[in-house]
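Colleague: Show me the folded form of this:
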Amino acid sequence: MTVVMAGLALLGLCHGAAWASPARVFAALTGSGGGPGVVIREWRLPRVLAGLVFGAALGLAGAIFQSITRNPLGSPDVIGLDAGAYTGALFAITVLSGTSTQLTIGSVLGGVLTAAVVYALSLGGGLSGLRLIVIGIAINAMLTAFNSWIVLRAELEIAIAAVGWNAGSLNGVGWDDVAIPFGVLAVLFVVLFTRAPAMHQAALGGALAVTTGVRWDRLRLVLVLIGVGCTATVTAVAGPIAFIALAAPQIGRRLARTPGIGLLPAALTGAVLLTAADLAAQMLLAPEALPVGVISTVIGGGYLIWLLTKEVRRA
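Modeller: Below is the predicted model of the structure:
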């Protein structure tokens, strides 16, 4: 997966309005190359890095929620976190002036509040993975309907901007857009990997994990906050990108042949999926670039159909 990531990154740096040879890319990365070098360093490089880092973040968020729920359908987009982040962004766009800072704060708060509601409702009668997923699907449906109502009531220009942001896109991403999110995600990644051993113990089941010294309730809350932070940070910059968090952990688990959901395979697979989807979005209707969320939905939709078919046959 690391080799595939490197190949996709190089292809992303080469591809653009004008093709750049690998030699020119390497020259640009070393600080030379003239005008084309500036294009590669300032326009293409942040987009490629955003695809890799944001894909890894979504893969880790999916791994967290699938590990907590012990269900392959447990992911931020299924349980409503993406819809909640979109609600917060819609509030920033329609009620406030819709600046990038307001979009970031609104989407993060929307995702956090949605997670808090889903988590609180799931605690009744004891938190279980299936209960959390079912409640999350219900909250997701309610928020989707509410978001549609907001868009329909908004002015035309605002509605167009809101719908475009909801598609999920890396178009136009620059260094100013990703500098702070990269720092936030780096902190979340470090905290998550320090919790990885306890997370793998908890995969055996909450009751058994407690007997091995894991403080399950506290660990679960920390993991949920990390998962929400990863999802909301990506959504704040690129909008809600569907299905990467759903598919990456399971694909990574099968490729690595691990008994549980591994964090590193999920992160690498998420990075590959999002980067590949963004390249496909740029190439399919070139010179027009599609939102990456359109491509990820097609990939994830096919994966979801396969997963559900497999689960039905197993049942």
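
Colleague: So, low pLDDT: which residues of the stretch 51-200 of the chain?
Modeller: Regions of the stretch 51-200 of the chain meeting the criterion pLDDT under 70 cover residues 98, 124-129.

Colleague: so who does the closest residue to Asn171 other than its chain neighbours touch?
Modeller: If you skip the residues right next to it in sequence, Asn171 has Ala289 as its closest partner in space, 5.3 Å away by CB to CB, 6 or more residues apart in numbering. Quick note: C-beta positions are derived from backbone N, CA and C, even for glycine. By CB atoms under 8 Å, 6 or more residues apart in numbering, the contact set of Ala289 is 171, 281-282.

Colleague: which residue is nearest the middle of the protein?
Modeller: Leu58 (3.0 Å; CA atoms, centre = their mean).

Colleague: Please enumerate the helices of the stretch 101-250 of the chain.
Modeller: Across the stretch 101-250 of the chain, reading from the start of the chain, the helices by DSSP state H, counting those that start in this stretch fall at 129-153, 156-166, 175-194, 196-202, 206-211, 216-238, 244-256.

Colleague: What helices and strands are in contact with the third one?
Modeller: In other words, helix 175-194. In terms of contact count using 3 or more CB pairs under 8 Å, 6 or more residues apart in numbering; DSSP states H and E, helix 175-194 is assigned the packing partners helix 45-69, helix 216-238.

Colleague: Give me the buried stretch members for the shortest one, please.
Modeller: By that I understand helix 216-238. Using 16 or more other CB atoms under 10 Å as the test for burial, helix 216-238 gives 216, 219-220, 222-238.

Colleague: Also stretch 109-128?
Modeller: Within stretch 109-128, the residues that qualify as buried by neighbour count (16+ other CB under 10 Å) are 109-112, 114-115, 117-119, 121-122, 127.

Colleague: Can you give me the distance of the residue nearest to Phe146 when sequence neighbours are not counted to Val38?
Modeller: Ranked by CB to CB, 6+ apart and with sequence neighbours excluded, the top spatial neighbour of Phe146 is Thr87, at 6.6 Å. When CB to CB, to the nearest Å is the yardstick, Thr87 and Val38 sit 38 Å from each other.

Colleague: quick one, which of those two is more surrounded?
Modeller: Thr87 (22 against 11; other CB atoms under 10 Å).

Colleague: show me the contacts for that one.
Modeller: Neighbour list for Thr87: 110, 114, 143, 146-147, 150 [criterion: CB under 8 Å, 6+ apart].

Colleague: if we go to 6 Å?
Modeller: Thr87 makes contact with 110, 143, 147 under the criterion CB atoms under 6 Å, 6 or more residues apart in numbering.

Colleague: Could you say which helix or strand holds it?
Modeller: Counting by DSSP states H and E, the secondary-structure element that holds Thr87 is helix 81-94.

Colleague: Taking helix 216-238 as reference, get the angle to that helix.
Modeller: Between the axis of helix 81-94 and that of helix 216-238 there is an angle of 50 degrees, by axes from the mean of the first three to the mean of the last three CA atoms, to 10 degrees.

Colleague: The residue nearest to the centre of the chain and Ala271 touch, don't they?
Modeller: No. Using CB atoms under 6 Å, Leu58 is not in contact with Ala271, being 9.0 Å away.

Colleague: one step back: could you check how far the helix holding Thr87 is from the centre of its chain?
Modeller: Taking the mean C-alpha point of helix 81-94 and that of its whole chain, the gap between them comes to 15 Å (CA atoms, centre = their mean, to the nearest Å).

Colleague: can you start the count at 52 instead of 1 from here on
Modeller: Right, with 52 as the first residue, what we last looked at is helix 132-145.

Colleague: Compute the inter-axis angle for that helix and helix 295-307.
Modeller: Computed by the same axes, to 10 degrees, the angle between helix 132-145 and helix 295-307 is 150 degrees.

Colleague: any idea of the mean pLDDT for the host helix or strand of Leu330?
Modeller: Using DSSP H and E, Leu330 sits in helix 314-335. The average pLDDT for helix 314-335 rounds to 91.

Colleague: That helix: which residues count as buried?
Modeller: 314-333.

Colleague: closest to Ala249 among the contacts of Ala340?
Modeller: Ala332 (37.6 Å; CB to CB).

Colleague: What's the local residue count around the closest residue to the closest one other than its chain neighbours?
Modeller: In this structure, Ala332 finds its nearest non-sequential neighbour in Leu341, 4.1 Å apart by CB to CB, 6+ apart. Other residues within reach of Leu341 by the criterion other CB under 10 Å amount to 19.

Colleague: Met334 is in contact with Leu341, correct?
Modeller: No. At 9.3 Å, Leu341 does not count as touching Met334 under the criterion of CB under 6 Å.
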